[in-house]
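Asker: Requesting a structural model of the entry that follows:
(2 chains)
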Amino acid sequence: MDIYILQIFNGISVSSIFMLAALGLAITFGLMKIINMAHGEFIMIGAYAAYIVQNFFTQYLPASFFNWYFFIAIPIAFLLAASIGWVLERIIICHLYGRALDSMLATWGVSIVLQQLARSIFGAPNVDVKSPNWLNGALLLSPGLQLPYKRLFIMGMVIICMLIIYYLMYCSNYGRKIRAVMQNRDMAASLGINTRKIDSYTFAFGSGLAGIAGCALTLLGSIGPTLGTGYIVNTFMVVVLGGVGSLWGTIAGGLLIGTGNTTLEFLTNTTSGKVLVFTLVILFLQWRPQGLFTVHSRSLDE
Amino acid sequence: MQIRFLRKMKKKTALAMAALFVSSAFLSGCAGTQASNSNNDKNTIKVGVLHSLSGTMAISEVSVKDAEMMAIDEINAKGGVLGKKIEVVTEDGASDPAVFAEKAKKLLQQDKVATVFGCWTSASRKAVLPVFENNHGLLWYPVQYEGMESSPNIFYTGAAPNQQIVPAVDWLLKNKGKKFFLIGSDYVFPRTANKIIKAELKAKGGTLVGEEYTPMGHTDYSTIINKIKNEKPDVVFNTLNGDSNVAFFKQLKDAGINTKDLITCSVSIAEEEVRGIGAGNMAGQLVSWNYYQTTDTPENKTFVKNYKAKYGQDRVTDDPIEAAYDAVYLWAAAVEKAGSTDVDKVKAAAKGLEFNAPEGKVKIEGENQHLWKTVRIGEVQADGSIKEVWSTPGPVRPDPYLKTYDWAKGLAN
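Answerer: Numbering: from 1, shown residues only, chains lettered A, B, ... in the order given. Model (predicted):
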């Protein structure tokens, strides 16, 4: 029995990681329609930010502070990724709105540049980020049923991020403006919204969320320049499956792909599990190309 | 808007993807170091060093490259080979077998190197093997591997399966238990190694309770760890390679599994990788190799001291590093003996050649171009070093096809 409960937990845990990685993309790709191939590299930037903060704490601060470095690492990862995203939007992305294909090629180039930059700065070998002590170990429910704290923590992070996004998008003035711009740019502009400003803030926010995801990933494995490439396919799949432009879609897509992956992996093996998930997603999109959730609007071209 | 956007995207995306892949293949073919002058300088002997300096395997291969450079520098400091200095052409295989093959071709055809030291994964070795055979080149491969191979153009200075995997399984069966769970990365080495292990378990009364492979670079082991928990094996035999090990051991520890309940034995994790995984995550786990930094020989003391002096006190030496170092010395000795860098003459001279390596005496077996090596099983300590817990009395004869083992009949095909 334990093993099945644990497997459900694993499914939710993997889903939460996919969701966290996909949240930023749900904004840059989902809302802004930029096929952001560099999304994985923003994840990588967040991970290295955690690495830098860790090194700063071990070198310059007393050992007792080390346990709390992660709480500093999260905002720094967000800010670093967001500011690099902001610069990128100002220099490159702003010329590419409405040109999906060009945006894909340009951001793919950016991703190579960022990877090489990381390699030059931090070296080619992967680096290890030590988790704070209070995250080591597991919540013991029964001898066979142990839920690692790290995974619980990541789930908590996802929930908090979701709440913040929900508030920003649906309850704040800023969110109303974003949605207005994304639905009808000209109309929004004529109503006095500074669409350029909204664009750069939104892209920076999406990139920053990727940075938080990267910070969370340091808990599970090692960090290298190509960290992001392992997640890029899954995150796109989550956003497309969920329905481009819908926050609920990203949650549902993440849950389906995460639990699908782990369950099929459990029943078959890792490689077949992945293949099966891909096949099922492709079949589903044939039947329903708009994904699970669609955003209803009154645009004529819907 | 959404629907149209996606439909439009699908077709164009496919096109653009195709363009991306073509261009990336083109780039990786052309990029890299520029071709140096192809006519060999009369006063130097050119050799190639071909390892992954980037990508998922860089964690392991960079330090192997460093060991080869150190050996070359040492030999040059003593006057070089045949009175000529060794000149190195370094290439990056980028953790991609196709790039390895491309770069091997470049080293042999454009740079016309006398020999190449390189590769780590069996996938990369298998990719360059036809290049070396077709161009009649010479490769020194420094890493333990799955065996079932003996190319006339390759010298293997790492362990054959009978010098690492087979004795490790033997020892585990006698000392740790009969129930085995096999986990590995999904490529040629783990699959072949596990084929050998399964045959050995069957012959020696062990049982197999699970066998799992994950793609290279895989980072979520929660499901596999759950399967392991469910099967309760005595031993997990681990042939994961590269960064996956970090994720596996971190997550194994987080799942609350300790070495008293279950021991893992790894054949791709040496001191260098332990550093990356974090000694705390691996303390008490077993590994099987021919050399550890703690191996007690006078040659090793000098070797470790020099390596640390050259690359930093925080660096460690390990089996592939040592085997790569040996490879350079063995090649140099063979060239001196042959009086030439000609591949056939070097090969003839290398037969039976002995060298007092940091791991103890090694000897080139003429029949299959592997080395006689001592087998050592070690336990990872909390400080990241590895303590030897068992060893063979002396060097073991290499037997890549396991011809001398009855239970291994039929495996070689």
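Asker: right, and B:Ser266 touches B:Asn241 too?
Answerer: No: with contact defined as CB atoms under 8 Å, B:Ser266 does not count as touching B:Asn241 (9.9 Å). For the C-beta atoms, the positions are set from N, CA and C on the backbone; glycine is no exception.
Asker: Burial check on the nearest residue to A:Leu227 once chain neighbours are set aside, number of neighbours?
Answerer: Computed as CB to CB, 6 or more residues apart in numbering or on different chains, the closest residue to A:Leu227 that is not its neighbour in sequence is A:Met44, at 4.5 Å. Close neighbours of A:Met44, defined as other CB atoms under 10 Å in any protein chain shown, add up to 29.
Asker: For the closest residue to A:Leu276 other than its chain neighbours, pull up the helix or strand it's in.
Answerer: Leaving aside its chain neighbours, A:Leu276 sits nearest to A:Leu264 (4.7 Å; criterion: CB to CB, 6+ apart). Counting by DSSP states H and E, the element that carries A:Leu264 is helix A:247-267.
Asker: quick one: average pLDDT of that helix?
Answerer: Mean pLDDT, helix A:247-267: 92.
Asker: lowest average confidence, helix or strand, in chain A?
Answerer: strand A:138-142 (a mean of 83; mean pLDDT, DSSP states H and E).
Asker: tell me which residues in that strand are buried?
Answerer: Within strand A:138-142, the residues that count as buried by 16 or more other CB atoms under 10 Å in any protein chain shown are A:Ala138.
Asker: In contact with A:Ile178, which residues?
Answerer: Neighbouring residues of A:Ile178 by CB atoms under 8 Å, 6 or more residues apart in numbering or on different chains: A:Leu31, A:Met169, A:Ile198, A:Thr202.
Asker: and the residues you listed, which two are the farthest apart?
Answerer: A:Met169 and A:Ile198 (12.4 Å; CB to CB).
Asker: Between those two, tell me which one has more neighbours.
Answerer: Using other CB under 10 Å, the more surrounded residue of A:Met169 and A:Ile198 is A:Ile198, with 21 against 18.
Asker: Do me a favour and average the pLDDT over the helix or strand where the more buried one lies.
Answerer: Using DSSP H and E, A:Ile198 maps to helix A:195-217. Averaging pLDDT along helix A:195-217 yields 93.
Asker: helices or strands up against it?
Answerer: If you count contacts as 3 or more CB pairs under 8 Å, 6 or more residues apart in numbering or on different chains; DSSP states H and E, helix A:195-217 packs onto helix A:2-25, helix A:39-60, helix A:69-91, helix A:149-166, helix A:173-183, helix A:185-190.
Asker: helix or strand right after it?
Answerer: helix A:229-242.
Asker: Tell me which residues of that next one come out buried.
Answerer: A:229-232, A:234-242.
Asker: Over to stretch A:42-55?
Answerer: A:42-54.
Asker: hmm, back to that, got TSV for the helices and strands packed on helix A:195-217, with mean pLDDT too?
Answerer: Listed next are those as TSV, based on pLDDT from 0 to 100:
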stretch	mean pLDDT
helix A:2-25	91
helix A:39-60	94
helix A:69-91	95
helix A:149-166	93
helix A:173-183	88
helix A:185-190	89
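Asker: Which of those helices sits closest to A:Ser120?
Answerer: Of all the helices and strands packed on helix A:195-217, helix A:39-60 comes closest under CB to CB, at 12.2 Å.
Asker: which other helices and strands contact that closest one?
Answerer: So helix A:39-60, by 3+ CB pairs under 8 Å, 6+ apart, packs with helix A:2-25, helix A:69-91, helix A:100-122, helix A:195-217, helix A:229-242.
Asker: which of those helices sits most buried?
Answerer: Highest mean neighbour count among the helices and strands packed on helix A:39-60 (mean count of other CB atoms under 10 Å in any protein chain shown): helix A:195-217, with a mean of 25.
Asker: just how off-centre is that helix within its chain?
Answerer: 9 Å (CA atoms, centre = their mean, to the nearest Å).
Asker: Can you list the neighbours in contact with stretch B:389-400?
Answerer: Residues contacting stretch B:389-400 (CB under 8 Å, 6+ apart): B:147-150, B:156, B:159-163, B:167, B:171, B:286, B:360-363, B:365, B:368, B:370-379, B:405.
Asker: List the buried residues for it?
Answerer: B:Trp390, B:Pro395, B:Val396, B:Arg397, B:Pro398, B:Asp399, B:Pro400.
Asker: quick one on the thing from earlier: for chain B, state which of the contacts of A:Ile178 is nearest.
Answerer: A:Leu31 (11.5 Å; CB to the nearest CB).
Asker: and the closest one, how many neighbours does it have?
Answerer: 23.
Asker: Now do the closest residue to it other than its chain neighbours: how many residues are near it, please.
Answerer: Once flanking residues are discounted, A:Leu31 sits nearest to A:Met182: 4.9 Å by CB to CB, 6+ apart. A:Met182 has 21 neighbours, counted by other CB under 10 Å.
Asker: picking that back up, TSV for the buried residues of stretch A:42-55, including distance to B:Gly137?
Answerer: Converted to TSV, these look like this (distance: CB to CB, whole Å):
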residue	distance to B:Gly137
A:Phe42	43
A:Ile43	41
A:Met44	37
A:Ile45	41
A:Gly46	44
A:Ala47	40
A:Tyr48	39
A:Ala49	44
A:Ala50	44
A:Tyr51	40
A:Ile52	43
A:Val53	47
A:Gln54	44
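Asker: hang on, the earlier thing: now the angle between helix A:149-166 and the helix holding A:Leu264, please.
Answerer: 160 degrees (axes from the mean of the first three to the mean of the last three CA atoms, to 10 degrees).
Asker: starting at the chain centroid, how far to stretch B:166-184?
Answerer: 21 Å.
Asker: CA atoms of it as PDB?
Answerer: Only the C-alpha atoms of stretch B:166-184 are listed here, as PDB (Å, rounded to 0.1, in the frame of the first residue of the first chain):
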ATOM      1  CA  VAL B 166      33.000  -9.600 -12.300                       C
ATOM      2  CA  PRO B 167      35.100  -9.700  -9.200                       C
ATOM      3  CA  ALA B 168      32.900  -7.000  -7.600                       C
ATOM      4  CA  VAL B 169      29.700  -9.100  -8.100                       C
ATOM      5  CA  ASP B 170      31.600 -12.100  -6.800                       C
ATOM      6  CA  TRP B 171      32.600 -10.200  -3.600                       C
ATOM      7  CA  LEU B 172      29.100  -8.700  -3.100                       C
ATOM      8  CA  LEU B 173      27.500 -12.100  -3.400                       C
ATOM      9  CA  LYS B 174      29.800 -13.500  -0.800                       C
ATOM     10  CA  ASN B 175      29.600 -10.600   1.600                       C
ATOM     11  CA  LYS B 176      26.500  -8.500   1.100                       C
ATOM     12  CA  GLY B 177      23.600 -10.700  -0.100                       C
ATOM     13  CA  LYS B 178      22.100 -12.400  -3.100                       C
ATOM     14  CA  LYS B 179      19.300 -10.000  -4.200                       C
ATOM     15  CA  PHE B 180      20.500  -7.600  -6.800                       C
ATOM     16  CA  PHE B 181      18.800  -4.500  -8.400                       C
ATOM     17  CA  LEU B 182      20.500  -3.100 -11.500                       C
ATOM     18  CA  ILE B 183      20.300   0.600 -12.400                       C
ATOM     19  CA  GLY B 184      22.100   2.300 -15.200                       C
END
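Asker: Quick one: check that stretch for contact with chain A.
Answerer: No: using CB under 8 Å from any CB of the partner chain, we find that stretch B:166-184 stays clear of chain A, coming within 9.9 Å at best.
Asker: And for stretch B:243-252?
Answerer: Yes: against chain A, stretch B:243-252 shows contacts by CB under 8 Å from any CB at B:Asp243, B:Val246, B:Ala247, B:Lys250, B:Gln251.
Asker: Please indicate which of these has the highest neighbour count?
Answerer: B:Asp243 (30 neighbours).
Asker: pretty sure that one contacts A:Asn126?
Answerer: Yes: with contact defined as CB under 8 Å, B:Asp243 reaches A:Asn126; the gap is 5.5 Å.
Asker: That'll do, ta.
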